[in-house]
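Student: Next come a sequence and a model predicted from it.
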Amino acid sequence: MPKRTDIHKIMVIGSGPIIIGQAAEFDYSGTQACLALREEGYEVVLVNSNPATIMTDTTIADKIYIEPLTVESISRIIRQEYPDAILPTLGGQVGLNMALSLAKTGILDELNIELLGTRLSSIEQAEDREKFKELCKKLGEPVPPSTTVNTVEEALEFGDKIGYPIIVRPAFTMGGTGGGICNNHEELAQIAKNGLELSPVTECLIEKSIAGYKEIEFEVMRDHDDNAMIVCCMENFDPVGIHTGDSIVFSPSQTLSDKEYQMLRDCSLRLIRALKIEGGCNVQLALDPNSFDYDVIEVNPRVSRSSALASKATGYPIAKMAAKIAIGMTLDEIKNPVTGTTYAEFEPALDYVVCKIPRWPFDKFSKADRTLSTQMKATGEVMAIGRTAEEAMQKAVRSLEIDEKDLYSEAAHHASDEEIEQKLVKAQDDRLFYLAEAFRRGYSLEDVHELTKINFYFLDIVSYMVEMEQNIQENKDNLETLRLAKKYGFSDTAIATLWNESIDQIRDMRKNNGIIPVYKMVDTCAAEFESKTPYFYSTYDGENESHKSGKKSVIVIGSGPIRIGQGVEFDYATVHCVKALQKMGYEAIVINSNPETVSTDFSISDKLYFEPLTLEDVLNVCDLEKPEGVIVQFGGQTSINLAAGLQDHGIKILGTSVKDLNRAEDRELFDQIIKKLKLNQPKGLTATTHEGVIKAAEELGYPVLVRPSYVLGGKAMEIVYSKRELEEYLHDHVDIAADHPILVDDYLDGRECDVDAICDGKDVLLPGIMEHIEHAGVHSGDSMAVYPPQTFTDDVKEKIMDVTRKLALTLNCVGIMNIQFIIRNGEVYVIEVNPRASRTVPFLSKITGIEMAQVATKVIMGESLAQQGYSDGLAPEPEMISVKAPVFSFSKLADVDSYLGPEMKSTGEVMGSDHTFAKALYKAFAGAKMQLPENGNVLLTIEDRDKEKILPIAKRFARIGYRIFATKGTADFLKNNGLHVDLVTKVHENENADDNILNELREGRIDLVINTMGHDIEKNSDGFIIRQMAIQQNVPLLTALDTADALLTSLENRSFATDALK
Amino acid sequence: MKRYLILEDGSIYEGEDFGADCESSGEVVFTTGMTGYQEAITDQSYADQILVFTNPLIGNYGITLADYESLEPQIKGVICHQVARHPDNWRMQTTLPKFLKQLKIPGLQGIDTRELVKKLRIHGTLKGRITDSKENAVSISQELKQRNITQGVINRVSTKNSYPVPGSKRNIVVVDFGIKHSILRELAERDCNCIVLPYTATAEEILNLNPDGVLLSNGPGNPEEMLMAAKMVQEVEKHVPLFGICMGHQVFALANGASTYKMKFGHRGFNHPVREIATGNIGFTSQNHGYAVDPKSINKGNLMITHVEVNDSTVEGLRHKKYPAFSVQFHPDATPGPHDEDSLFDDFMSMIDQRKEEERHA
Amino acid sequence: MVKEIWDKPAMQRAIVRITYEIIERYKGVEDLVLVGIKTRGGYLARRIGDRLEEIEKKIVPVGELDITSYRDDRRVDINQEKISNLEPENLNITNKHVVLVDDVLYTGRTIRAAMDALIATGRPKSIAVAVLVDRGHRELPIKADFVGKNIPTALSEQVAVNVEEIDGIDSIELIKLK
C-alpha cells in the first residue's frame, strides 16, 4: 500500500543521552528514520535531549527540540506542535517508554495523535514478561520455565522450587539493568531485590538459566500487509549467559545447520506475526547445542543495537525501512536502496563473515568488576568484515584500540595456568586473549570447551590462529606464509613481531610482492544482482571491486568504537566534515570501524571503507584511493594518533601539520610555546621515574594533578593530596608509568572553561566559551557547562580570546583546536590544548548556529574564514542560555567509584536551553534524570575541608523545604550553625539500626545524596559505600558542591520565597 | 594441493583441493544460500553441475545422514572460498571433505568465489572443469565449449524402477525427474501413500494405479527434452489432481502449450521473494532452476499465472483453468531454505479431498 | 469454551482456493457476479472479487444482499412488503452466473432466503454457493459448490467466522456452548 496521506506531521522521539546499553545506534536509527520520513514528504518534529547527535542537527528534521525526555516536557511540545502522529519505535527503550508514558496520560487520545508502527498493545505484549510468556505458550513456542515476581520472597520461593542457576530480568529496564545470574538462594535474594528496585514497575522475571545454549539473534521486518522477512541472523561466539551486547557476535550464523536455521527462522516469523509488529524487531533465541530444543529468550519490538549491527553487517537499512513501514508502505513496494534494482522484500545473502566485538570501559575503570553476565557493560562495539571468520575476528580485535592488537596479550602471557582457567570459566572482557593463551600452552579444544562451553567451531578459529602464529614464526620471510597470514587477517604489526622485523619491512615485502588487499563490496545479495553501493571492506582475495574515481578525494578518519572520553560527538564532527567536503565538490571517503554510528551509513559519504583504524589499514586505503590528503582533526584521539605515521608514509595530512600537532601534544614542546608567548599555566613538571614523580610533587606542593603524557579523556589522571596517595597511584599504574613520562601539575582551584577555535592561519574564530559549573578538578567531560559564560567579565573573555588567538597562530593551526583554561582571580591559565575537534563541537555548533566542523573543514581545504563570512574574534552571544550536563552509567558497572575527579567517567550528555540560567539548569538536570521533588530529604556526608562550603548550601535546601540528614560530624556542624538536622548513623556504626545511613537509602527515604567523602579510592571507605548505595537505589547523587549549588539554583527557581516578615 | 577450475571461456581459477581426487566437468552455477550445503550437494537438480557457494565458508556443521536429499548425488563438483577446519554439530556423522571423497565428488576451495559469481552473473552460466593440472587449459576450454553436458541428464537421475513410500491416507503417484527427498518427506508428513515412478511413466501406467493425486517432481536439465512426460501430463490432468514442482512445473507448462527458455544464470538460493498474485502475499522460497516458463507463451485460456518472482517477475506458479492442477517453480519443500510456502502441500491435499468429496456425491 | 480452528493464513488460503475453483468452474470470469450475504459474506465476496481481478485482470461485479426480511426463521410482520436489499441497486444479475457467498453454511435457510431475494430482483443464468465453512446439519436440500473447510460440528457448538474488516481479526472459532 502506498504511504498514508491522512497524516502530515510526525513526531520522532530520540533516545536521549548515551549510556551503557544505549549508545550511538539510536542516533543512527533516528537519523535514518527522520530522513526517510522527510524523503516521503512528511513534516518531522524531533525531540531529543542529546545535543551530541547528528539527529538533532537542523538538517535532519523540520523542527528540532533539544529538550528533556520527560512526559512533562514532551507534552508541552506536543501541545505546541500538534503532530498527527508519533513514531516511538526508533528511539530505543527510552523513546518507547516515553511513548507508553505519554499514552497513559491520555494526551494522545485527547489530541487524537496516533502512534505509528507497532501498536501499543503489541509493545506491551512483547515487553511485559508475563504477557509475552502467555503469547509464546499460545503459539507453542518454548520459553524457559519462569515466573514474574513483585517481591523478593516470591522470587526465592520459585528459585528454590525449580533449582539454580536462575536468571533475574527486571521488567522495563534497558540493557538488562539490574539483572544477573544467581547460583544460589543468597545470590538470588540480593539480585532480585536490586532488580525489583530498578524496575519502574517493581517487577522481575525469574527464569531457569539456559546458560550454555547457543545464542542466536534474528533481525526481522514486517509490514502491515503481513509480509515478513529476516534481515540478518547473528550467532554469539559466547553461549547464553553473557548479555548479547557483551558477546562477540558473528554473522551470518556459523554453526547452524539448515534444519536448525529454518526452525529458528520460522519461530522468529511466527513471533513477529503474532505480535503484529510493523517495522523492525529483534528476536533472541537459545538453541540447545545437543538437540533441536530451543527457547525464546526475548523479543525487542523496536529497532535495537542489534539492528544497527545487522544493518551494517548486511547493508540493509533497517531503520529506514521501519520508518517507511510505519507510514503504511509495504516491503514489496520499497526499493532496496543497496542494489537500487531489487525490492526491500529481500532476505540479504552475505558472502563474507562479520565479527563484532564489544568495547568495554575497563581501561578507564580499572577497579570495576569485569565479569560479564546478563548486565551489559560495554560502552560501544567494533565490527569487522572479512572473507574468513579468522580474518573478520583479527580485524575486529585490532579495531578495538586497546593494548592488544592481536590475539596476544601480555597479561595473559604472564598469567599462571590456574589464572587462565579461572579467566576461561568466569568470562571477562579479555577472555578472547586468554583463550588464545590457553591454546598456546597446549590446552586442547576439548579442555577449553569444557571450561567455556564455547562451540568447537568457534574455538578452532582461535586455536587455528595460534597455530598460524607458530607457522609464521617458523617460516621467517617466507612469501607463501605471508600470503596465508594476511588471508587470515594477521596485521603487519603482528607478523613483524613474530619475525622480529620492523612493520615497514613487512609492509615493503608485501607490496613488493603484490600482497596487497583488495576491496569487496557489501551488496546484500552476494553478487547475484548488480549493485552500486559505495560500501567496501578489505580482504586478501582475487578481484578488487573498489576503483578510484576521477574526482579529487579526501579521506576522513572516523573515531572508532564509542568509549568513555570518545563518544558520539566525534561521529558528529566526522559526518559534518564529510558534508563540507561534499559541498566543496570533493569525493569524501570515510574509514571507520564502528557499526553503531551515522558515519558508517554508506549513504552519508561518497565511499565508506569499513576498516580498523590502524596505520596499516588506513595506509592500504590511501594506496588505492590516492587522496588529496587525509583529515584527522575530527575523529578524536584515534585519528590524531594516526597522523604522524601517515605522514611518514608520504600521505598528506590536511590542516594543521603533523609537526604542529606534535607541538601541541608534546608537553615539553608545548611548554616552550607557553613560555615564548608569556602565557600562564599551572606549574608543572615531567618525570620519568618513580622517585622523580615524588620529588616533582614535593617541589610543587600537594595537592597535585598526576597523569601520563598522551592521554585520552583523562585516562589515569588523578588529583593527589599526599605522598601516600601518590605512591598508591604509581603502584596502580605501573604499566603506564613505564611507557610514558608522568606529568605532575600544580592543582589550581578555579573556574574552568573550554573553547573550540577555528583558525585559517590568519584569523581565529572563537564560536563560544563554555564555562564549567564545577571547579577545576572535575574532568571537563564530566562537568556541567554553560554557554554563554555566567561569571566571566568581558575582560576575562577578552583575555581568553587573546590567548586563544596567540596559541592558534603560534601552533599554525589550520582547522579546529580545543583549549581548556582555568580562570583564577581574573587570570587566565592554559591547562591543555587539543589540536583537534573536541566533544563540545556539536553542542556549541547547535547553540551558536556556527557549523564548526564544516567551517573548520572548509578552512582545512583552503577556504579562509573571511571567505566564509566569519571574522576574527569571539562570535556574538545569543540570548538563549544553554547548559550541558553529563550522564553516567554507574548503575551498570559495579565497583566503579562515582566520585567525580580528573578522570572522565560519564558516557553521555544532555542539554537544556532556556531564557534564564536557572531554567536552563532545570532542564539539563531533568534531562539527566535529576528531577527532584519540590520538597524532600537530602543526605549530606561531607569531607572536613568542605564543611565551610556546605553551610550556605544546607541553608538553601532548608529554605526551599528540604529536610536535612547528616552523620554526626556534619550534623553537629550544621546544628551549631542553627539548622535543623536529622542525625543518621554512619555506615559501620550500627549496621542494623533503622537510621543507619544505608538503611535510610535502602528504604527510599532519601531523595538526594551529596557526598564529597573519600578522594582516596579504597573500596571499603564510607564515602564509596554510600555512593554505591545511592547508585544502586537510583537516588540522585552529587559529589561536587558546585553541582549542588547549580541544582539548588534550579530548584529555587521553581519555588516561592517563604520569608517570615520578622 | 593445487587445483584449478577451467571455464569454457578460457579463464582459469587456482585454488586448493578438497574432497575426491578426480577431475570432472559440468555447468558452473552458484547458490546464495547461507546454510544447507549438504542438502544442495545431494539435490539431484544439480546433476551435471558444478556448484559454487557464495557463502564464503561451508562445512561448518559437517554432514548428517538424515539430511541427504538423494542417495546418489549427481553433482559434479563443489567450489567454495573456504572449508571449515573443525565442524561441530551434535548431529554430524562426517565432514564435508570426507563425504565428498566418498561420493567421488571433487572440491575446490580458496578461489575468489565472488569474482567467479560475478562472471557467471554477467556472462551467464558457463561450462567448466575441475582439474589438478592447467596444462591443457586451452584444449579443455575448447572441448567444454562444444560439449552439451546436461543432455539426457534426467535419464541418469530418475529412478529406473518404481518404488513405494508407504503411508495410509491418500494415494499419490510421484513422477521422478530427479526428486529431492524433502518432497517425499512432506508427503509422508501428510500420511500419503506414495508410489514413485520413473519419468518415462505413461498416463496409462499412472492412471492404472488409481491415484488420488499426481505429483511431478523437480529435476535437472532442459525441460524441452521432456516431451513424452508433457504428453503424459496432458492426459493425466484431465482425471486426477496434479501438482508440479520445479521441473514438474515446467513440464506442466509445456503440456498446456507454454514454452520454456534458458535463463542467464538461473535462480539458486533461498532468498527469492515470490508474490502470490491473488493475495499479494510474499514468501521467501528455495529455488534451483536454470530454465523458466516464458510468460508470453502461456495460453490464457488454459493456464493462469498464480505466482511471480518479486525482483525479476519470472513465472513462479501456474494453475490450470479447467482442471484441478497447479505447479510452482520454487521448492515449497524447502530443505534447504525457508518453509514459507509449505502450505502448498496442504492445498494439494485439500484439492484431492475436494475431488474425492465430489466423486462421492456424483 | 472457544477454540481457534483457523488463523489468518489458513483462512486466506481457503479464500484463494475458492477463487481458483470458481475460475475452474466457469472457465474464467465471463458473466460472473458475486453476491455476498450480509454482513460477513459481503466482505468475503469482496475479497474473492479482488482476487479474481488480480488473476484475470477483469473486474467482477460484487454485490451485497441483506436478507433480513426474507428469513423464514425470524418472526416478521406478515404484511410487510418483502424488499430486496441488493446493493448496489444497479447490479444486473439477469443472465449472469451468480455466486452467493456466505461465511457459514448450516441449516441452509439463509441461502434459501438469499435465493428468493435474488430471484425477486432478476433472472440469473445460474446460482452457485460458496461458503467458508460447512458445518453440516442441513434442514433444506442445499449443497455448497465451493467450500473452504468442512467442519463437522455438534449441535451444541457454534462456528464463528471473524473477518478483519469488522472483527479486527481473521479467524474461525469453534464455540462450545455449555
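Tutor: Arrived safely, thanks for sending. Residues are numbered from 1 along each chain as shown, chains lettered A, B, ... in the order given.

Student: So A:L108 belongs to a helix, correct?
Tutor: Yes: assessed by DSSP: H, G, I helix; E, B strand; the rest coil, A:L108 belongs to a helix.

Student: which residues touch it?
Tutor: Taking C-beta atoms under 8 Å, 6 or more residues apart in numbering or on different chains as the criterion, A:L108 is in contact with A:I86, A:L102, A:E114, A:L115. Using the backbone N, CA and C atoms, a C-beta is placed for each residue, glycine as well.

Student: Can I get the buried ones among the residues you listed as something I can paste into ChimeraX?
Tutor: Selection of buried members from those for ChimeraX, criterion 16 or more other C-beta atoms under 10 Å in any protein chain shown:
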select /A:86,102,115
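
Student: And the contacts of A:L108, which is closest to A:L765?
Tutor: Nearest to A:L765 among these: A:I86, at 39.1 Å, using C-beta to C-beta.

Student: sec struct for the closest one, please.
Tutor: Assigned by three-state DSSP, the conformation of A:I86 is strand.

Student: I figured it hits A:A99, correct?
Tutor: Yes: between A:I86 and A:A99 there is a contact at 6.1 Å, judged by C-beta atoms under 8 Å.

Student: Quick one: end-to-end length of stretch B:177-186, please.
Tutor: Taking C-alpha to C-alpha, to the nearest Å as the measure, stretch B:177-186 stretches 17 Å from start to finish.

Student: Now do that stretch, average pLDDT.
Tutor: Across stretch B:177-186, pLDDT averages out at 95.

Student: about what we covered before: shared neighbours of A:I86 and A:A99, anything?
Tutor: Joint contacts of A:I86 and A:A99 (C-beta under 8 Å, 6+ apart) are A:I13, A:L115.

Student: how about JSON lines for the contacts of A:L108, with distance to B:C80 added?
Tutor: JSON lines is the format used below for those (distance: C-beta to C-beta, whole Å):
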{"residue": "A:I86", "distance to B:C80": "48"}
{"residue": "A:L102", "distance to B:C80": "52"}
{"residue": "A:E114", "distance to B:C80": "50"}
{"residue": "A:L115", "distance to B:C80": "47"}
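
Student: Right, and chain C sits closest to which residue of chain A?
Tutor: Residue nearest to chain C within chain A (C-beta to the nearest C-beta): A:D226, separated by 7.4 Å.

Student: Checking that residue next. Helix, strand or coil?
Tutor: Going by three-state DSSP: A:D226 is coil.

Student: For it, the count of nearby residues, please.
Tutor: 19 (other C-beta atoms under 10 Å in any protein chain shown).

Student: which non-adjacent residue is nearest it?
Tutor: A:R273 (6.4 Å; C-beta to C-beta, 6 or more residues apart in numbering or on different chains).

Student: and that neighbour, that's in a helix?
Tutor: Yes: the assignment for A:R273 (three-state DSSP) places it in a helix.

Student: Pull the number of nearby residues for residue 59.
Tutor: Picking chain A for this. Here the number of neighbours of A:T59 (other C-beta under 10 Å) works out to 11.

Student: Hmm, no, I was thinking of chain C.
Tutor: 11.

Student: next one: A:G514
Tutor: Neighbour count for A:G514, taken as other C-beta under 10 Å: 8.

Student: What is the three-state secondary structure of it?
Tutor: A:G514 - assigned by three-state DSSP - is coil.

Student: how close does it sit to A:T539?
Tutor: Remark: distance between A:G514 and A:T539 (C-beta to C-beta, to the nearest Å) = 15 Å.

Student: surely C:V35 meets C:G63?
Tutor: Yes: using C-beta under 8 Å, C:V35 is in contact with C:G63, at 4.5 Å.

Student: How about the contacts made by residue 195?
Tutor: No chain in the question, so chain A it is. The contact partners of A:G195, by C-beta under 8 Å, 6+ apart, come to A:V168, A:R169, A:P170, A:G178, A:G179, A:G180, A:C204.

Student: that answer is for a different chain, and I need it for chain B
Tutor: By C-beta under 8 Å, 6+ apart, the contact set of B:I195 is B:S162, B:Y163, B:P164, B:V165, B:N171, B:I172, B:V173, B:V174, B:L209, B:P211.

Student: Now flag whichever of those residues is closest to C:K149.
Tutor: Nearest to C:K149 out of the contacts of B:I195 is B:I172 (C-beta to C-beta; 21.4 Å).

Student: what secondary structure does that closest one sit in?
Tutor: Under three-state DSSP, B:I172 comes out as strand.

Student: so who does it touch?
Tutor: With C-beta under 8 Å, 6+ apart, B:I172 has these contacts: B:L187, B:C192, B:N193, B:C194, B:I195, B:P211, B:D212, B:G213, B:V214, B:L215.

Student: Which of the residues you listed fall in helices?
Tutor: Of these, the ones assigned to helices by DSSP state H are B:L187.

Student: Flag every buried residue along the longest helix seen in chain A.
Tutor: Determined from DSSP H, the single longest helix within chain A is helix A:456-474. For helix A:456-474, a neighbour-count test (16+ other C-beta under 10 Å) marks A:456-466, A:468-469, A:472 as buried.
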